[in-house]
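Student: Model the structure of this input:
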Amino acid sequence: MTEPGGTPEASSVPGERVEPQVTAPGQGVEPVGAASGRRTELDAIRILVVVGLVFFHSALVFATDSDFYVRNRDTTEVILVIAGFGVVWAMPMLFFVAGLGSWHSLRRRGPGGFARERLLRLGVPLLFATAALLPLPQWLRERAADPGYHESYVRFLPRFFDVHLDLASFPFVVQGEYFETGHLWFVVLLITFSLLLAPLARWIPAAPAHRLGDAFARACERRGVVLLLPALPLVTLSALVGLEEDYGGWGRWAYLLFFLYGYAVAGDDRLRAAMRRDAMPGAVLGPLLFAACAPGFMTADDAFTDPTALATVTRALFGAAGWCWIVGIVGLLDRRARPATRPAGDSGRSRLFLYLGVGALPLYVLHQPVVVAVAYGVVGMDASIPVKYALTVAASLLLTLTAYELLVRRTGLTRFLFGMRGS
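Tutor: Numbers count the residues shown, from 1 in each chain. The predicted structure is shown next:
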């Protein structure tokens, strides 16, 4: 949706802005209290997360106990401690924003149109990047782990694509000894959640869904409830099912909850108001809860999955911390947000903001293969960790932005392959 003179609401696809909302045929009247207006603060945080991933993945090269593709000979434990403060909220934030945008996209396109658009805008980049980009990090992993490994990239490709189906790993059903979805697990999950949401939006009766949403929104009008109620499923799921290191430190289905929470907030201004009201308690509780779970992560044998009391409590605290961070960040940013009064592109900062915002998905797809390739060359240098890290970050940012500018955004075909609209 847009405000008068504003620009569209943040989208469910990174880098896209949803067009002005209209009610789809058969969807009925706009829900009472539906959230509206441009959320430029969420565009900004999405860009921050995508760019921040370059810093994060570059840091894993130098982290002790990291299983990153390329690792430096000298490592430090400090990196994982610092990185944890980003892990607890960054990827959950992307799913929250995606859920918020999905509400607007569904209202405009209807369930069928929404599903088709998700498959086109997310499925095409996933397939293309899987074929063209994902084998490179795995090949470099083999070369970095074994100095005697001399297999060419072309000869490695058949081994990468030697795959089988494993339905037990849903939605990551394509498995193989060398095959992986890599950092595109985010795109796999986002497609899955979108395709689960579309039929639910069509088949669930509107009246019961509205009553349930209204009851939840009315409950959240009481102070602290918006922090407590959504946190309970996250606490339960994290504690009992466990966390997954391969997927940003959270369980894959925890991200579905963040996605659905964003969807709910988009549909009712009372939830948005509750997040603004309880933003400061969330901003305080988030770091405190994360600090409380840190000893468990450092001392438990496997805090991600162990059924011990220490590991279970650690995961529960982590789940609560994640939601508090989301409420704190989104609520505080919303407090500071002001309606846009100047046209887009009237300053260097706004032009850069638009440039990165439109390219968020291609930048996300490109960044990790670039970081791995750069790190592969940097780790052999005779330099300190801070120098190597700075070089890795600087070169990765430069090459990622250059690849986006020269190889993606300038032609209709490449824009399509990376999920962008035509120029």
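Student: okay, CA-based contacts and neighbour counts for the rest of this
Tutor: Noted.
Student: This structure: strands as residue ranges?
Tutor: Remark: strands assigned in the chain by DSSP state E are 163-165, 174-176.
Student: Tell me which of the ones you listed sits most buried.
Tutor: Comparing these by mean neighbour count (mean count of other C-alpha atoms under 10 Å), strand 174-176 ranks first with a mean of 17.
Student: What is it packed up against?
Tutor: In terms of contacts (3 or more C-alpha pairs under 8 Å, 6 or more residues apart in numbering; DSSP states H and E), strand 174-176 is packed against strand 163-165.
Student: For the most far-flung residue of the chain relative to its centre, what are phi and psi?
Tutor: Most distant from the centre of the chain: residue 148, at 36.8 Å, with distances by C-alpha atoms, centre = their mean. Comment: the main-chain dihedrals of residue 148 come out as phi -90, psi 0, following degrees, to the nearest 10.
Student: what about it, distance to residue 160?
Tutor: According to C-alpha to C-alpha, to the nearest Å, residue 148 and residue 160 sit 19 Å apart.
Student: on that earlier part again, let me have the strands of the chain in JSON lines, adding distance to residue 275 and mean pLDDT as columns.
Tutor: As requested, those are arranged in JSON lines below (distance: least, C-alpha to C-alpha, whole Å; pLDDT from 0 to 100):
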{"stretch": "strand 163-165", "distance to residue 275": "42", "mean pLDDT": "96"}
{"stretch": "strand 174-176", "distance to residue 275": "39", "mean pLDDT": "96"}
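Student: Could you dump those strands into a markdown table and include distance to residue 209?
Tutor: As requested, those are exported to a markdown table (distance: least, C-alpha to C-alpha, whole Å):
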| stretch | distance to residue 209 |
| --- | --- |
| strand 163-165 | 36 |
| strand 174-176 | 35 |
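Student: what sits against residue 250?
Tutor: Residues near residue 250 by C-alpha atoms under 8 Å, 6 or more residues apart in numbering: 238, 243, 244.
Student: Likewise for residue 163?
Tutor: By C-alpha under 8 Å, 6+ apart, the residues touching residue 163 are 174, 175, 176, 177, 179.
Student: can you do 10 Å?
Tutor: Taking C-alpha atoms under 10 Å, 6 or more residues apart in numbering as the criterion, residue 163 is in contact with 173, 174, 175, 176, 177, 178, 179, 180.
Student: Those residues: which two are farthest apart?
Tutor: Longest distance between any two of the contacts of residue 163 is 14.2 Å, between 173 and 178; criterion C-alpha to C-alpha.
Student: In terms of neighbours, single out the busier of these two.
Tutor: residue 178 (17 against 13; other C-alpha atoms under 10 Å).
Student: Leaving out chain neighbours, which residue sits closest to that one?
Tutor: Distance criterion C-alpha to C-alpha, 6 or more residues apart in numbering; nearest residue to residue 178, sequence neighbours excluded, is residue 160 at 4.9 Å.
Student: what about that neighbour, how many residues close to it?
Tutor: Quick note: residue 160 (other C-alpha under 10 Å) scores 20 neighbours.
Student: pLDDT at it, what is it?
Tutor: Per-residue pLDDT puts residue 160 at 97.
Student: next one: residue 340
Tutor: pLDDT for residue 340: 47.
Student: repeat for residue 91
Tutor: What the model reports as pLDDT for residue 91 is 96.
Student: Wait, residue 284 touches residue 324, no?
Tutor: Yes. At 8.2 Å, residue 284 counts as touching residue 324 under the criterion of C-alpha atoms under 10 Å.
Student: related to what we said a few turns ago, rebuild the contacts of residue 250 as CSV, extending it with neighbour count.
Tutor: Below are those laid out as CSV (neighbours: other C-alpha atoms under 10 Å):
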residue, neighbour count
238, 27
243, 24
244, 14
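Student: need those in JSON lines with pLDDT, can you?
Tutor: Formatted as JSON lines, these follow (pLDDT from 0 to 100):
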{"residue": "238", "pLDDT": "97"}
{"residue": "243", "pLDDT": "96"}
{"residue": "244", "pLDDT": "95"}
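Student: Just those: which are in helices?
Tutor: Secondary structure from DSSP state H places residue 238 of the contacts of residue 250 in helices.
Student: ok, of the contacts of residue 250, which one's closest to residue 405?
Tutor: Closest to residue 405, out of all of those and judged by C-alpha to C-alpha, is residue 244, at 33.9 Å.
Student: Could you check how far the closest one is from residue 213?
Tutor: According to C-alpha to C-alpha, residue 244 stands 30 Å off from residue 213.
Student: Provide a list of residue ranges in the stretch 201-350 of the chain with pLDDT below threshold.
Tutor: For the stretch 201-350 of the chain, applying pLDDT under 70 flags the ranges 337-348.
Student: tell me the contacts of residue 152?
Tutor: By C-alpha under 10 Å, 6+ apart, the contact list for residue 152 reads 139, 143.
Student: Would you mind giving both backbone torsions of it?
Tutor: For residue 152, the backbone dihedrals (degrees, to the nearest 10) come out as phi -70, psi 160.
Student: So for it, what pLDDT did the model give?
Tutor: Reading off the confidence values, residue 152 has pLDDT 95.
Student: same thing with residue 117?
Tutor: If you check residue 117, the pLDDT there is 94.
Student: who touches it in this structure?
Tutor: Residue 117 makes contacts with 13, 105, 109, 111, 123, 194, as judged by C-alpha under 10 Å, 6+ apart.
Student: so which of these is the most crowded?
Tutor: residue 105 (30 neighbours).
Student: wait, that one sits on residue 116?
Tutor: No. At 11.4 Å, residue 105 does not count as touching residue 116 under the criterion of C-alpha under 10 Å.
Student: give me the number of residues near residue 312?
Tutor: By other C-alpha under 10 Å, 23 other residues sit near residue 312.
Student: mind checking how far it is from residue 252?
Tutor: Residue 312 is 17 Å from residue 252, where distance means C-alpha to C-alpha.
Student: One more: residue 374?
Tutor: If you go by C-alpha to C-alpha, the gap between residue 374 and residue 252 works out to 29 Å.
Student: Also residue 79?
Tutor: According to C-alpha to C-alpha, residue 79 and residue 252 sit 24 Å apart.
Student: swap in residue 274?
Tutor: Distance, residue 274 to residue 252, by C-alpha to C-alpha: 27 Å.
Student: One more: residue 182?
Tutor: 14 Å.
Student: again, but for residue 145
Tutor: Between residue 145 and residue 252 the distance is 29 Å, computed by C-alpha to C-alpha.
Student: Thank you kindly, that will do.
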